[in-house]
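Colleague: sequence first, then the predicted structure, then my questions.
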Amino acid sequence: NAGVMQNPRHLVRRRGQEARLRCSPMKGHSHVYWYRQLPEEGLKFMVYLQKENIIDESGMPKERFSAEFPKEGPSILRIQQVVRGDSAAYFCASSPPSTYGYTFGSGTRLTIV
Amino acid sequence: GQQVMQIPQYQHVQEGEDFTTYCNSSTTLSNIQWYKQRPGGHPVFLIQLVKSGEVKKQKRLTFQFGEAKKNSSLHITATQTTDVGTYFCAWRAGNNRKLIWGLGTSLAVNP
């Protein structure tokens, strides 16, 4: 049973480009969460999705950031017109319908140059 | 609003010494979870505590949830170099499934 798959592991973008981060949850997990982490800091909640629905996007900036979890395929976190401050590790996690612990992917390290 | 403090922020121990990290909340928590993140890695779920006064053990790790469900601790007995990493507590706010995270305690172990 594969865990949460995130790709790419590392992504370098120039300022102004778009970044697309992908996350495939564990089999049987219907809830996906995106978190951002800066070095030496904790995890900041961004968005919580179920299939085809955004449940809570209170942690996601209103501009340039969007997320989706389509009926088929992985969840996508999209950052348009990236800026230096977007450089961070972005983690995706999934959980089953029961309220138990999250399973995290290995993360995408985004670097803006 | 709810405030949860995780202390200490950093802890440096000699291998074989014990280690404890605490999460203290200003309000009652419905449950609390603990995660470990190795340097350069991703958070890994360790345990969930739900009941008042609950104590759970995993080998050298002991997890406690206070009687008032306002504080929790993770205690490691006789640390090893493999224990190095950052330990986070996390909790659910209300009925929302999303987790709110403490700032973590970074543990360094000298061999």
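Modeller: Perfect, I can see it now. What you see is a predicted model; the values in this text were computed from it and never measured. Residues are numbered from 1 along each chain as shown, chains lettered A, B, ... in the order given.

Colleague: how about low-confidence regions in chain A?
Modeller: Along chain A, the parts satisfying pLDDT under 70 run over A:1, A:99.

Colleague: what does it put close to chain B?
Modeller: Residues of chain A that fall close to chain B, judged by Cβ under 8 Å from any Cβ of the partner chain: A:31, A:33, A:35, A:40-45, A:48, A:55-56, A:91, A:93, A:95, A:99-107. To be clear about C-beta, it is placed using only N, CA and C from the backbone, and glycine gets the same treatment.

Colleague: among these, which ones are buried?
Modeller: Under a neighbour-count criterion of 16 or more other Cβ atoms under 10 Å in any protein chain shown, the subset of these counted as buried comprises A:31, A:33, A:35, A:42-43, A:45, A:48, A:91, A:93, A:95, A:99, A:101-107.

Colleague: verify the contact between residue B:11 and residue B:109 for me.
Modeller: No: in this structure, residue B:11 is not within contact of residue B:109 by Cβ atoms under 8 Å, at 9.3 Å.

Colleague: helix or strand for the residue nearest the centre of chain A, which one?
Modeller: When Cα atoms, centre = their mean is applied to chain A, the residue found nearest the centroid is residue A:34 (3.7 Å). With the criterion set as DSSP states H and E, the secondary-structure element containing residue A:34 is strand A:31-37.

Colleague: contact partners of that strand?
Modeller: The set of residues that contact strand A:31-37 without belonging to it, under Cβ atoms under 8 Å, 6 or more residues apart in numbering or on different chains, is A:23, A:25, A:43-50, A:55, A:60, A:67, A:69, A:75, A:77, A:88-97, A:102, A:107, B:97-99, B:101.

Colleague: ramachandran angles for the nearest residue to residue A:10 once chain neighbours are set aside?
Modeller: Excluding its sequence neighbours, the residue lying closest to residue A:10 (Cβ to Cβ, 6 or more residues apart in numbering or on different chains) is residue A:109, at 4.9 Å. The phi and psi torsions at residue A:109 (degrees, to the nearest 10) take the values phi -90, psi 110.

Colleague: what about residue A:109, how many residues nearby?
Modeller: Neighbour count of residue A:109, defined by other Cβ atoms under 10 Å in any protein chain shown: 16.

Colleague: would you confirm that it contacts residue A:89?
Modeller: Yes: in this structure residue A:109 lies within contact range of residue A:89 using Cβ under 8 Å: 5.2 Å.

Colleague: give me the common contacts of those two.
Modeller: Counting by Cβ under 8 Å, 6+ apart, no residue touches both residue A:109 and residue A:89.

Colleague: in the sheet, who's paired with the residue in chain B positioned nearest to chain A?
Modeller: Residue nearest to chain A within chain B: residue B:45 (3.4 Å; Cβ to the nearest Cβ). Listed beta-bridge partners, residue B:45: residue B:35 (assigned using DSSP bridges).

Colleague: now the residue nearest to the centre of chain A: how far from residue B:39?
Modeller: As defined by Cβ to Cβ, to the nearest Å, residue A:34 lies at a distance of 22 Å from residue B:39.

Colleague: among the contacts of strand A:31-37, which are in strands?
Modeller: Those of the contacts of strand A:31-37 mapping onto strands are A:23, A:43-50, A:55, A:67, A:75, A:77, A:88-95, B:99, B:101, per DSSP state E.
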